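**Q** predicted model and sequence below, questions to follow.
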Amino acid sequence: MQTNYKQRFTNENSNGRKLSSKIKIGDFLSLKINALGPKKIGLVELNNGLTLLIPNTNLGDIVKVKLEKVFSIPSKTQKTKNQQKYALGSVVQVLKKTNVSTTTELEIGKILDLTIKRKGPKNSGLVPISDNFTIIVPNTKVGDAVKVEITKIKPTYAFGKIVSAKNSLNTFSISNTAKSKIQNEKTYKLTKNKTYNILIPSNAKSVANFFVFKLNGNLLFVKKSLGIQFGDSAKILIIRTREKFAIAKILKLNPISNFKKDLIVKNEIKKMIESGIHYGERAIRCNANMRSYIWLRKKGRNKNRPFLKRGRHVINLLKTRLCLKKAFIQLAKYAYLGQTFLFVGTKKPAASLIARTAVLSQTAFFVNSRWLGGMLTNWKTILKSISQIRPILKEKQKVIHNLLEKRQKIKERLFNKVNMLRKKSRKLMIKGKKLIQQLQKNPNYFIEKSQQLMKLKRLFLIQSKNLMENYSNIFIKQEKILNVTKVLKEKENQLMQQKIYLKNIMQNDKNTFVSFKKLFLIGQELMKLKQQTNQSGNVLWAVSYEKFNQILNENSVENHFFSGAEEGNKTNSIVPSPSTEILYKILSTMKIKFDPLEMSYNKISNKQMNKSKSTNTTKNLIISKLLDKFTLYLPFIKNYMNLLIQRLQNCSFIYEKFNQDLQQIREKFNEFSKLTNNIQKVTNNIQSQFLQQIFLFNKLNQKLRLLSSEQRLLKFLPKLRFLPTTKNKMYERVELLMKKFVDPRMNYPMDQIYDQKLRLTSKKIAATRKQKWQRLEKYFGGVTQMSKMSKAQISNNVAIIVGQQEEMNAVRECKKLGIKMFTIIDTNCNPKLSDHVIPANDDSRTSIQYILGQMLTYIRFAQKLRFKVALKKSLLFL
């Protein structure tokens, strides 16, 4: 057969250096897979006897493996530590792949029909598959035809186990040893009041309130309790037995094995020894009642004599452990019932620990400086002293509370930062591992990815440039359209103004034409009157307005156009003057055109007037000079009317043209509005595209930054270390930092509280009072809260005393009041004076710290349990 390849690879790492027999988690090994287990798990046996399990491997492969876990099994026979049996590794890199070929393709779990051909060692049978490969089947003979399941594969051979045997000449027979076992098998009868550790089988029957199954050939009824289910392990007690069955009750669910119990006891004793609990007082001071708690010699000449070390007795820690266990259980019961505790310890090593434990237990009082006589028995006198320092203590509590809150905030912030750094470093480590794996698969990963991203970036830049150009062109067009629309708007406004002006002119011309037409008609009538007077031979007299009024008054002529008498009589006819409105119009018309013949007309009229005055033989027609002159303006009025008609025609033509121009401008406005709407749509589209481009470009830049950060991470990765510390250790380190750097700066001058109280008194009185208050605070600071309690409640306290010899006054007062006592007693103490004794070293700080820490744990646990039970009860009553 081929030898194992481990001699070449097992003791060498990736750098070719020899490995020691001691291997650590995280080591890298280069190995050859020389065996295959179930589910493709590769098996490699190392030189130090350790079997390495490597999942997802093939037989014959040479791989680089990282050691993940080492599993050890404790040895009972040897005094050495736990023996390493097997380890678990993960494949980092496949260095070389080899194809191990066999005549048949074998797999773990495959069932084959085989006939044993040759005899092998230790009653095994050999089945050669090919020249270089053999299957080994244990407990078989030559010629046996069996069904074999493959359990393990090696390069040149494999192991199999029998599934079932076929009928053949040499049938598979059970060995004599197996037969003897079956024949000698007996049913073990279960004994009453004996305990057993059992596992409730999953196929057990559930009948009423019992699990029913067979145990050692007997039918066992196990009563259901403690929430047990199928498959759970339990410690049971046989309460009744019969010939064919037994009844048991459950004592404990998931019990600890004896080996684990021994291990727990050893660890506890080890911690006690480290804390120095076992050191007693000098042998001279030993109390006779403490002999049962001292370590005695068991062999030799000095048998049953105390074991001395440097002249001191050694306390039996096994008995101390039992006493501690009983005391802690009783303490937890008292705490669950809601009783308060009084911690007493005035020794220097115990003083600070007593105060700390009492404060943390929340329902406790303490005396750690000096026990004054009558502190419990003469409580009324003590109350008077406490009342003097109560206001000072209240102020101090406020100050301390504020400082603690501030400190807690700083602590939480610091812990969060440390935790965040821890998580960040862990994430970076995981990311770095993934990057390394990716680079191992593709060494040009960063180059290819960066080139791809840069190509995309260039494409985005070109697209954005085109979009910008399109946007600028459209913007220019939009500006042009806006300018044109602005010009058109101005033109429209001008046309509208001109149109309104023209309309007003036309209206004025129309009004003028109407008035001129009326005046022209009046003038024509006057001309007709003149012609008639001339034809009839009458004389026309044109007089001024004043003379015209005189004539009217003198003759008192009636108001009509022609007033006359009989044909034979000589009378004067007067043409009446028109209304003032018409006169104003006539005057305005005459102003328009100045008549050059006015002077000649005046001369003629004057002559005629003179003539008419001298000759008064004919009929006279009297007319005002204004009306007479108005008749001369008739040709002008006619021409002016024609001019107005032409002007109105021209204006109407221009008006129509204005309307046409305005219509064209409005049509252009509509076209431009459509164009602007289209341009707005295009610009909106470009803007949306541009925003999308910006978003994609930012994403691309983010990817580039990520790529650069990954490259920087790879450079920084060798320096990076993950903080594998637990949260408890982190809390401890943060607390250490707080004590070193934060706490020294958080001091509050407590003397200020005294100074504020004594600021109105003299210096001498203030100094004496201050000393008195400080002394009272030192003695009664831990029992001020007891002032609210009655004498019966004080008697219901539970006293925890450290150092019986130093606190004899406290012990006697507790005895007198009937207070239950838990006392840490050394070899010089009397255990009969205490209700619950804890034999231990009462002079060592570490010893006291260990015991008080355990007490605090049990008290707080019981208090939390009490709170939860009370909460559930209150919810039930709702």
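**A** Nice, I can see it. Numbering: from 1, shown residues only.

**Q** gap between residue 442 and residue 710?
**A** Distance, residue 442 to residue 710, by Cβ to Cβ, to the nearest Å: 14 Å. Every residue, glycine included, has its C-beta placed from N, CA and C.

**Q** one more: residue 358?
**A** 56 Å.

**Q** picking up where we left off before, more crowded one of residue 442 and residue 710?
**A** Each of residue 442 and residue 710 has its neighbours counted (other Cβ atoms under 10 Å); residue 710 has more, 17 against 11.

**Q** select the longest strand from the protein.
**A** The longest strand of the chain (DSSP state E) is strand 83-96.

**Q** what about the spatially most central residue of the chain, which helix or strand?
**A** The structure's the chain has its C-alpha centroid closest to residue 420; by Cα atoms, centre = their mean the separation is 13.3 Å. Assessed by DSSP states H and E, residue 420 sits inside helix 379-441.

**Q** what mean pLDDT does that helix get?
**A** In this model, helix 379-441 carries a mean pLDDT of 85.

**Q** same deal with stretch 280-289?
**A** 89.

**Q** ditto for stretch 524-541
**A** For stretch 524-541, mean pLDDT rounds to 77.

**Q** list the buried residues for that stretch?
**A** Within stretch 524-541, the residues that qualify as buried are 526, 529, 530, 533, 539, 540, 541, counting by 16 or more other Cβ atoms under 10 Å.

**Q** can you map out the strands along the stretch 651-800 of the chain?
**A** 798-802 (DSSP state E, counting those that start in this stretch).

**Q** sorry, back to before: which residues sit against the longest strand of the chain?
**A** By Cβ atoms under 8 Å, 6 or more residues apart in numbering, the residues outside strand 83-96 that reach it are 23, 28-30, 48-57, 61-75, 440.

**Q** how far does it sit from the chain's center?
**A** How far strand 83-96 lies from its chain's middle: 39 Å, per Cα atoms, centre = their mean, to the nearest Å.

**Q** any idea of the mean pLDDT for whichever helix or strand comes after that strand?
**A** For strand 83-96, the succeeding helix or strand toward the C-terminus, using DSSP H and E, is strand 111-115. What strand 111-115 shows for mean pLDDT is 85.

**Q** mind listing the helices for the stretch 1-150 of the chain?
**A** 6-9 (DSSP state H, counting those that start in this stretch).

**Q** kindly report the same for the stretch 651-800 of the chain.
**A** Listed in chain order, the helices of the stretch 651-800 of the chain (DSSP H, counting those that start in this stretch) span 727-737, 751-757, 763-780, 791-795.

**Q** other residues contacting the third one?
**A** Okay, so that is helix 763-780. 367, 369-370, 372, 382, 385-386, 388-389, 392-393, 754-755, 758, 761.

**Q** just the buried residues of those.
**A** Buried among the contacts of helix 763-780 by 16+ other Cβ under 10 Å: 367, 369, 382, 386, 389, 392, 393, 754, 758.

**Q** any chance of those in JSON lines with distance to residue 517 as columns?
**A** Output for the buried ones among the contacts of helix 763-780, formatted as JSON lines (distance: Cβ to Cβ, whole Å):
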{"residue": "367", "distance to residue 517": "134"}
{"residue": "369", "distance to residue 517": "134"}
{"residue": "382", "distance to residue 517": "134"}
{"residue": "386", "distance to residue 517": "128"}
{"residue": "389", "distance to residue 517": "125"}
{"residue": "392", "distance to residue 517": "121"}
{"residue": "393", "distance to residue 517": "121"}
{"residue": "754", "distance to residue 517": "122"}
{"residue": "758", "distance to residue 517": "122"}
